[in-house]
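Visitor: turn this into a structure:
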Amino acid sequence: GRFSTSVQQNAVGNGGNIDVQVERLFLDNGSDFFAATFGQGNAGNISIKAADSVFLQNAFVSSSVGKEGIGNGGSINIFTVTLTLTDNNILSTSISGKGRAGDVSITANGNVLINNGAFINSSTEGQGDAGKVSIRTLGDVTISGRGERTASLISTGILDTGVGNGSDIEINARNFNLYNGASLISLTAGKGNAGSVIINTLDSTTIKDSSIGAFTNGQGNAGKVVIRAGGDVSIVDKSNINNIVTSLAIGDGGDIEISASNLLLANGVYLLTTTIGKGNAGSVRINTTGDITIKNASQINASTFGEGDAGNVTVNAGNTLFISGTTNDGKFFDSGIFTTVVRDAGFIGKGKSGNINVTARNLSLNSAGLSVSSFGDSAGGDIDINSNTVRLDNKSIIAAATTSGNGGNINLTAADFLLLRNNS
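Guide: Numbers count the residues shown, from 1 in each chain. Reported below is the predicted structural model:
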């Protein structure tokens, strides 16, 4: 079934609201709540209040400003104990005309599950800002899996024809889980700055075989990716967090910031900030009260393929920074922390390499690398290390290299001892 309210084309006035108050809400098989404006006036809001649960399966809840519309889109607000979005379900606010897209706000006391290709989106392809997507719950948020058409995801963005700013994706939960190909994406492909992706958890954040991306492919800056966990952060199994300035972009990349008790990057994980265009790449900042472990072909990498500068990498571990990988020749490593000016596949980086700053109680490298390098036209960056103990084993390196310009400096302070073993 359909519940809808709209301002029709050539009409002047605001659309009505859709207000649902129930014990439990179940929508499936293409059922939808729809609020829109195609004329001159604001679209109505959609409010769902359920005392127990909301379950949306292959259903649609959307608010939009049509191509000829002039007015603001309505917001989507859900208040419940538990929420399930599944099987290609869509929550969406958008504008194609002139105005501002509405926000998507979810407030829950229990768990929130988004799976099997369900997604939440706020975007603009017209003239106006995208809306904010926020989830606030006392329980867990889990986003997982793929459906027939797409992966499960939350996205905000400025599309190719859009003129306006993106808004943030913000998740506040006890635990946050991103699994099995799911994604969080913030993008600008038009004219305007993208929003940030912000995750705050009381306990843990786990990202497994999934991705978080912030991109600029237009005229504007990319947003940040920020993860703040009261407990541990685990990013594993070919997951990645990317912040990218593409070759078509005019704007700077955003930073990647992670704070946690302990951080684990394992099994083909990349934290990457890079620029292929004219803007500068963002930096990576990591702070833990305990350990940071990077292993099994996992990397933190800040690079430039273009005219902009690479970002810096700053790592502060309250206890041990341990990096372990493999190397055949002691020159190329699959695990480590790197900043690079790249010369590869037709790209010649012209910007500056970033710096690497490490502060830890203990630093241990096993067949791994810390390096700043420039294979382009500029100088390499610096490496600054402050640690009580520094151990390099099995051909591990700390290196600053350049093929042109000046090489960077390595400043190493080991208060207790420095140990080099097995051709390190």
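Visitor: how near is the nearest residue to K295 once chain neighbours are set aside to T359?
Guide: Excluding the flanking residues, the one nearest K295 by Cβ to Cβ, 6 or more residues apart in numbering is S324, at 4.3 Å. Just so you know, the C-beta spots here come from the backbone N, C-alpha and C atoms, and that holds for glycine as well. As judged by Cβ to Cβ, to the nearest Å, S324 and T359 stand 20 Å apart.
Visitor: go on, G97?
Guide: 51 Å.
Visitor: which of the two has more residues huddled nearby?
Guide: G97 (22 against 17; other Cβ atoms under 10 Å).
Visitor: does the more buried one touch G66 like I think?
Guide: Yes. In this structure, G97 is within contact of G66 by Cβ atoms under 8 Å, at 5.7 Å.
Visitor: which residues do the two both contact?
Guide: 37-38 (Cβ atoms under 8 Å, 6 or more residues apart in numbering).
Visitor: who does T216 bridge with?
Guide: Beta-bridge partners recorded for T216 (DSSP bridges): T188, V245.
Visitor: low-confidence ranges in this protein?
Guide: Within the chain, the stretches with pLDDT under 70 are 1, 342-351, 375-379, 402-407, 417, 419-420, 424.
Visitor: number of nearby residues for A414?
Guide: 16.
Visitor: checking it next. Helix, strand or coil?
Guide: Assigned by DSSP: H, G, I helix; E, B strand; the rest coil, the conformation of A414 is strand.
Visitor: equivalent analysis for K395, please.
Guide: coil.
Visitor: measure it to R24 for me?
Guide: For K395, the distance to R24 - Cβ to Cβ - is 60 Å.
Visitor: who's more crowded, the two?
Guide: K395 (21 against 13).
Visitor: nearest spatial neighbour of that one, skipping sequence neighbours?
Guide: Closest residue to K395 apart from its sequence neighbours, by Cβ to Cβ, 6+ apart: G330 at 3.8 Å.
Visitor: need the three-state assignment for that neighbour.
Guide: What three-state DSSP gives for G330 is coil.
Visitor: that one touches A399, doesn't it?
Guide: No. Distance between G330 and A399: 10.0 Å, which falls outside the contact criterion (Cβ under 8 Å).
Visitor: now for I46: which residues touch it?
Guide: 17-18, 33, 35, 61, 63, 74-77.
Visitor: scratch that, G230
Guide: Here G230 is in contact with 201-203, 261 (Cβ under 8 Å, 6+ apart).
Visitor: try 7 Å this time
Guide: Applying Cβ atoms under 7 Å, 6 or more residues apart in numbering to G230 gives the contacts 201-203.
Visitor: do the same with G195
Guide: 156, 166-169, 186, 223.
Visitor: list the buried residues for stretch 196-204?
Guide: 196-201, 204 (16 or more other Cβ atoms under 10 Å).
Visitor: look up how far N42 lies from N14.
Guide: N14 sits 5 Å away from N42, going by Cβ to Cβ.
Visitor: neighbour count: these two, which is higher?
Guide: Neighbour count, other Cβ under 10 Å: between N14 and N42, N42 has more, with 21 against 17.
Visitor: would you check that the more buried one makes contact with G71?
Guide: Yes. Shown here, N42 and G71 form a contact pair, counting by Cβ atoms under 7 Å, at 4.4 Å.
Visitor: just checking, which of the contacts of G195 belong to strands?
Guide: The members of the contacts of G195 that map onto strands under DSSP state E are 156, 169, 186.
Visitor: quick check, nearest of those residues to S134?
Guide: Taking Cβ to Cβ as the measure, S134 sits nearest to I169 out of the ones in strands among the contacts of G195, at 7.8 Å.
Visitor: which ones are touching the closest one?
Guide: Residues counted as contacts of I169 (Cβ under 7 Å, 6+ apart) are 133, 154, 156, 184, 186, 195, 197-198.
Visitor: what do you get for N109?
Guide: So N109 contacts 81, 137-139 (Cβ under 7 Å, 6+ apart).
Visitor: neighbour-wise, which of the residues you listed leads?
Guide: T137 (22 neighbours).
Visitor: how much space between the closest residue to that residue other than its chain neighbours and Q21?
Guide: Distance criterion Cβ to Cβ, 6+ apart; nearest residue to T137, sequence neighbours excluded, is A108 at 4.0 Å. Counting by Cβ to Cβ, the separation of A108 from Q21 is 16 Å.
Visitor: can you pick out the residue with more neighbours from the two?
Guide: Between A108 and Q21, A108 has the larger neighbour count (other Cβ under 10 Å), namely 23 against 11.
Visitor: let me know the closest of the contacts of I46 to I300.
Guide: For these, the closest approach to I300 (Cβ to Cβ) belongs to I76, at 36.4 Å.
Visitor: the closest one contacts S94, doesn't it?
Guide: No. Counting by Cβ under 7 Å, I76 does not reach S94; the two are 11.3 Å apart.
Visitor: more neighbours, these two?
Guide: Between I76 and S94, counted using other Cβ under 10 Å, the more crowded position is I76 (27 against 23).
Visitor: which ones are touching the more buried one?
Guide: Going by Cβ under 7 Å, 6+ apart, the list of residues near I76 reads 46, 61, 63, 91, 93, 102, 104.
Visitor: which one of these is nearest R391?
Guide: V104 (48.3 Å).
Visitor: just read off the phi/psi values of the closest one.
Guide: Main-chain dihedrals, V104, degrees, to the nearest 10: phi -110, psi 120.
Visitor: next, the contact list for it, please.
Guide: V104 neighbours (Cβ under 7 Å, 6+ apart): 76, 91, 93, 120, 122, 131, 133.
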